[in-house]
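> No sequence on hand, only this structure:
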């Protein structure tokens, strides 16, 4: 697969397959639901207004608290009926953009069913060498519900309701890789990558806040929970080769790795065929 | 002006104001021309097929050489009539993407009239300090045709036909800032930024290849041609303040400065309102 194909795989989504999920008469969809899920939501007319054209959150739910409580009741009932298999017991704050007002909070496992925006942090843990940067790669636990055994970043995680991004970096760095707080706080924000993608678990309408964390050569991360099995320190060339030649990496890690390769000059516009297309693809501008 | 407004100012363009400039029956516009310029091109029926809907390069011009020669003859005639005031005597290679086949070469001063893709290199010359990066800023000569007296990068330039990007970095670095070749070659490619914008000189359908060049603290750039008047080494905070509060910077420098601020963690998603919108804007995804 080409680098561009890896990027395209993060943007597989067709509006025709969904109904918009609307709020308070705002014509901008907050998310998207499948027709089948929309039909199921008809069972909760006090919470959802379901028409042929859209699913609207009932206008009487006018504030954060009432929206969150009404959704919680519905989702717990669906969970009880086994219809939200990836239940996490963790809330995401749902907003149109990261720094916009939080409209409601929602169980993380239900977020892909509504296609509402979700946020996460991805940390490139890297070591500078004379031959170029080496990046720490983690292998996800074979017991994880999502992407078991796939290769991942040193630290990455969804953004739970109520934490700042840096608080989440520190928390996930400790949990996933035993990175001490003072070291984790050196992580530097370097941008944000977005995609909307139909995945087996539902829709991923994600914005990943990307961080670079330069690590001392003698630092060795160790798994601290059951999310990661082992870590490797790989030259970027090996990572790019694996990205091209295998499905070993979790789908969205491709974006962050390619972004790292671009920002650190590992890929160059004079030498890499398709450099501009890769840059545009990472920017969410895919053509053809 | 907000950072986002600076980004929006680089994307002011409406398809309704132009006719597509087409090639060889390919439905993807290679560029765009104003109706007035299209009318003028009717005077050259052996080179352009002008209809109500489009301007097409005559299909009989089937290769690089014949296209370039036919365009050269037309453009020199227009230049002689005073209709291409910004004549540069330098050719750009015109292609749909940087690494695509070059379709023809065209006098640089005519490129904005056809709205065809143009490429350039922008080099962030920066010095690391404990308080964060400082960036070299140049003041453009007050005698330049475009953006006289505006603030600019250490090194920036359009991409002439026949040079690699790094060759152009080295050439421009020597000409504009007296950067020795061995130092210029340390410039690291860090991505590409694109925009399509209606400007007084015509349309700018640009892709800027961005480079970071870390400079020793004791290096002082000096102008070597008449393009730059003077250089300043400014903390990023000052640059961002000037970007917001004045029109001192050349329009497209805002994009590269904001991209630098994002990539170097000068702006952070926890502290900067609109961080996500800025990131998306730099990616060419503007809403609202």
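Right, received. Where do you want to start? Since the model is a prediction, treat every value here as computed from it, not as a measurement. Residues are numbered from 1 along each chain as shown, chains lettered A, B, ... in the order given.
> Can you give me the neighbour number for residue A:203?
Neighbour count for residue A:203, taken as other Cβ atoms under 10 Å in any protein chain shown: 23. C-beta here means a position set from N, CA and C on the backbone, and glycine is covered the same way.
> Phi, psi for it please.
Torsion angles at residue A:203 (phi, psi; degrees, to the nearest 10) stand at phi -100, psi 140.
> same check, this time on residue A:281
Phi and psi for residue A:281, reported as degrees, to the nearest 10, are phi -60, psi -40.
> With residue A:14 instead?
The phi/psi pair for residue A:14 (degrees, to the nearest 10) is phi -130, psi 120.
> residues contacting the residue nearest to it when sequence neighbours are not counted?
Distance criterion Cβ to Cβ, 6 or more residues apart in numbering or on different chains; nearest residue to residue A:14, sequence neighbours excluded, is residue A:198 at 7.7 Å. By Cβ atoms under 8 Å, 6 or more residues apart in numbering or on different chains, the contact list for residue A:198 reads A:12, A:13, A:14, A:17.
> Now, those residues that are in helices?
Per DSSP state H, helices hold no members of the contacts of residue A:198.
> So among those residues, which ones count as buried?
The neighbour count (16 or more other Cβ atoms under 10 Å in any protein chain shown) marks residue A:13 as buried among those.
> and which of the contacts of residue A:198 is nearest to chain B?
Proximity of the contacts of residue A:198 to chain B, judged by Cβ to the nearest Cβ, is greatest for residue A:13, which lies at 14.9 Å.
> just to revisit the earlier point, among the contacts of residue A:198, which one sits closest to residue B:43?
Residue B:43 has its nearest neighbour among these in residue A:14, at 45.9 Å by Cβ to Cβ.
> quick one: pLDDT of the closest one?
pLDDT for residue A:14: 96.
> Spell out which residues of the stretch 51-200 of chain A are next to chain B.
Contact residues, the stretch 51-200 of chain A versus chain B (Cβ under 8 Å from any Cβ of the partner chain): A:97, A:98, A:99, A:164, A:165, A:166, A:188, A:189, A:190, A:191, A:192, A:194.
> does residue A:59 really touch residue A:46, like I thought?
No. Counting by Cβ atoms under 8 Å, residue A:59 sits too far from residue A:46 to count as a contact (11.7 Å).
> How about the contacts made by residue A:31?
Residue A:31 sits next to A:20, A:21, A:94, A:114, A:115, A:116, A:117, A:203, A:205 when contact means Cβ under 8 Å, 6+ apart.
> Specify the local secondary structure of residue A:218.
Under DSSP: H, G, I helix; E, B strand; the rest coil, residue A:218 falls in the coil class.
> Look up how far chain B lies from it.
23 Å (Cβ to the nearest Cβ, to the nearest Å).
> Enumerate every residue touching the closest residue in space to residue A:47 that isn't next to it in sequence.
In this structure, residue A:47 finds its nearest non-sequential neighbour in residue A:70, 4.7 Å apart by Cβ to Cβ, 6+ apart. Applying Cβ under 8 Å, 6+ apart, we find residue A:70 in contact with A:46, A:47, A:58, A:61.
> For the strand or helix carrying residue A:70, buried residues please.
For residue A:70, the host element (DSSP states H and E) is helix A:64-80. Buried residues in helix A:64-80, counting neighbours by 16+ other Cβ under 10 Å, are found at A:67, A:68, A:70, A:71, A:72, A:74, A:75, A:78, A:79.
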